[in-house]
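**Q** Show me how the following folds:
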Amino acid sequence: MKDNFDIFFRRKPALMLVSLKKNVRIRYGSILAKEVDCTYSHAVKILQTLEELGLVEFEKKGRIKLIRLTKKGRNVADAIDNIQTLIR
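**A** Modelled structure (predicted):
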């Protein structure tokens, strides 16, 4: 049986936002992909969409892109986290 969370959200993007919210340190795409159990290429596609929506921003440090939530992204992550708590 599917987790009730899956009824309301696409699992991977929602988990990425919540993971970015819970871990205040700056994140890399490969680490985030491992945390939400998806491939790096899938994570990159999701992150590009989240960036287009203004939920995350990237900062390039050499060859590495650091990912952080925007204010809007933090608000969305808070809402997702609250819903996740309510349906458990």
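**Q** following the lowest-mean-pLDDT helix or strand in the chain, which helix or strand comes up?
**A** Lowest by mean pLDDT, DSSP states H and E among the helices and strands of the chain is helix 5-8, with a mean of 67. Proceeding N to C from helix 5-8, the next assigned helix or strand is helix 11-22, under DSSP states H and E.
**Q** so the helix ranked longest in the chain versus helix 11-22, what angle?
**A** Of all the segments of type helix in the chain, defined by DSSP state H, the longest one is helix 71-86. Angular relation of helix 71-86 and helix 11-22 on a 0 to 180 degree scale: 110 degrees, by axes from the mean of the first three to the mean of the last three CA atoms, to 10 degrees.
**Q** Quick check: the most centrally placed residue in the chain vs Lys22, distance?
**A** Central residue of the chain (CA atoms, centre = their mean): Met16, 2.0 Å from the mean position. For Met16, the distance to Lys22 (CB to CB, to the nearest Å) stands at 11 Å. The C-beta positions use only the backbone N, C-alpha and C, and glycine is treated the same way.
**Q** can I assume Ala14 is in contact with Ile83?
**A** No. The criterion here is CB atoms under 8 Å, and Ala14 misses it with Ile83 at 9.0 Å.
**Q** Report the contact partners of Gly29.
**A** Contacts for Gly29 (CB atoms under 8 Å, 6 or more residues apart in numbering) come out as 40, 43-44, 47, 65, 67.
**Q** can we see that at 6 Å?
**A** Residues near Gly29 by CB atoms under 6 Å, 6 or more residues apart in numbering: 43-44.
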